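In: Sequence and predicted structure, then a few things I'm wondering about:
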Amino acid sequence: MLGRQWLRTVQPASRSRNMLKHRGGVLPLHRTPNRWRRQMLGIQHQRPVQHANRSRCMLKRRGGGYHSIALRTDGTVRCWGKNDMYQCKTPTLGPCSRVAAGGDHTMAIHSNGLVRCWGDWHYDQCSTPANLGTCSSIAGGLYHSIALRTDGAVRCWGYYNYDQCSTPVDLGTCSSVAAGLYHSIAIQRIRCTSDLNHDNQVNGADLGVLLGQWATSGGATGADINADGTVNGADLGLILGTWGPCPN
Ligand SMILES: [Ca+2]
Ligand SMILES: [Ca+2]
């Protein structure tokens with residue numbers, strides 16, 4: 001059955017170590033590397049047997065191509081499985097708050113919010129952007145990485161031949177990120193139109209902005225919330241009606 005199926009493969013022209021030999025075109029499925037075939041067919045690979053004393057301490061677990069990573073409740077990180085790209089050579093980290101695993105790379109968010117990455121560097125999937133800042137969520141694709149900054153902005157780096165890191169310009173602030181083999185996902189925050197100063201709260205500061213623009217068109221402040229051309233009582237009603245934290 002497998003021999004009759006075909007898998008389209010497109011691979012970059014250069015990858016020196018651990019190179020996948022097929023560089024584009026169509027291959028019979030039975031000739032594709034086991035790893036691709038399993039991934040395309042949705043077959044989960046067999047994971048290493050988990051040691052009993054690990055499970056008692058696990059806060060979160062993530063699985064990469066052939067390795068697994070766990071975050072213990074004390075913030076320490078444990079990794080096991082395939083280590084040919086040093087994906088389980090966990091650096092000295094200190095306590096972490098999140099972990100993630102890509103194809104052959106591993107990621108963690110340190111307790112100070114900074115992202116660390118180790119393992120396969122062939123596609124710069126571990127070249128964490130210098131201006132990344134603090135992050136609240138991370139995810140690893142097959143050869144790329146994605147992070148959610150604490151201000152809700154999304155950053156992506158690594159392999160991008162399928163535009164998996166072409167973050168949409170109108171994405172805005174997000175609440176969560178995830179990664180597939182060759183694609184990325186972000187959950188966009190619901191726009192909070194009454195939050196005129198963009199601090200994720202509808203409060204007195206926004207009321208001040210509105211009153212400062214009273215009877216005008218609102219201009220760049222966005223104080224004309226209902227877009228009827230004038231900052232008026234209708235906009236005041238919208239602010240009072242959505243008073244409090246913006247929804248995530
Ligand atoms: Ca506000
Ligand atoms: Ca209005």
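Out: Looks like it arrived, so ask away. Numbers count the residues shown, from 1 in each chain. Ligands and ions are numbered 1, 2, ... in the order given.
In: tell me which parts of this protein are close to ligand 1?
Out: Neighbours of ligand 1 within the chain, by CB under 5 Å from the ion: 195, 197, 199, 201, 206. No exception for glycine: its C-beta is placed from N, CA and C like everyone else's.
In: Show me what secondary structure element comes after the strand or helix carrying residue 68.
Out: Residue 68 is part of strand 67-72 when elements are defined by DSSP states H and E. Per DSSP H and E, the first helix or strand lying C-terminal to strand 67-72 is strand 77-81.
In: circling back to that earlier point, now, which of the residues of the chain next to ligand 1 sits nearest ligand 2?
Out: Distance to ligand 2 across the residues of the chain next to ligand 1 (CB to the ion) is lowest for residue 206, with 13.9 Å.
In: Run through the residues that contact the closest one.
Out: Taking CB atoms under 8 Å, 6 or more residues apart in numbering as the criterion, residue 206 is in contact with 194-197, 239.
In: still on that earlier bit, quick one: buried ones out of the residues of the chain next to ligand 1?
Out: 195, 201, 206 (16 or more other CB atoms under 10 Å).
In: could you measure the nearest residue to the second one once chain neighbours are set aside against residue 161, distance?
Out: When the adjacent residues along the chain are set aside, residue 201 lies closest to residue 245, with 5.6 Å between them (CB to CB, 6 or more residues apart in numbering). Here the distance between residue 245 and residue 161 works out to 40 Å (CB to CB, to the nearest Å).
In: picking that back up, okay, angle between the strand holding residue 68 and strand 77-81 too, please.
Out: Put simply, strand 67-72 runs at 160 degrees to strand 77-81, going by axes from the mean of the first three to the mean of the last three CA atoms, to 10 degrees.
In: Output stretch 186-205 as PDB - backbone C-alpha positions only.
Out: Extracted C-alpha coordinates of stretch 186-205, given in PDB (Å, rounded to 0.1, in the frame of the first residue of the first chain):
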ATOM      1  CA  ALA A 186      -1.000  32.400  16.300                       C
ATOM      2  CA  ILE A 187      -4.200  33.200  18.100                       C
ATOM      3  CA  GLN A 188      -5.000  36.900  17.700                       C
ATOM      4  CA  ARG A 189      -6.300  38.800  20.700                       C
ATOM      5  CA  ILE A 190      -9.700  40.200  20.200                       C
ATOM      6  CA  ARG A 191      -9.300  43.900  19.500                       C
ATOM      7  CA  CYS A 192     -10.400  46.000  22.400                       C
ATOM      8  CA  THR A 193     -11.700  49.100  20.700                       C
ATOM      9  CA  SER A 194     -12.400  51.000  23.900                       C
ATOM     10  CA  ASP A 195      -8.800  50.600  25.100                       C
ATOM     11  CA  LEU A 196      -7.700  53.900  23.600                       C
ATOM     12  CA  ASN A 197      -4.200  53.900  25.100                       C
ATOM     13  CA  HIS A 198      -3.600  50.200  24.400                       C
ATOM     14  CA  ASP A 199      -2.700  49.100  27.900                       C
ATOM     15  CA  ASN A 200      -5.200  46.200  27.700                       C
ATOM     16  CA  GLN A 201      -7.500  47.800  30.200                       C
ATOM     17  CA  VAL A 202     -10.600  50.000  29.700                       C
ATOM     18  CA  ASN A 203     -10.300  52.500  32.500                       C
ATOM     19  CA  GLY A 204     -10.000  56.100  33.500                       C
ATOM     20  CA  ALA A 205      -7.000  56.700  31.200                       C
END
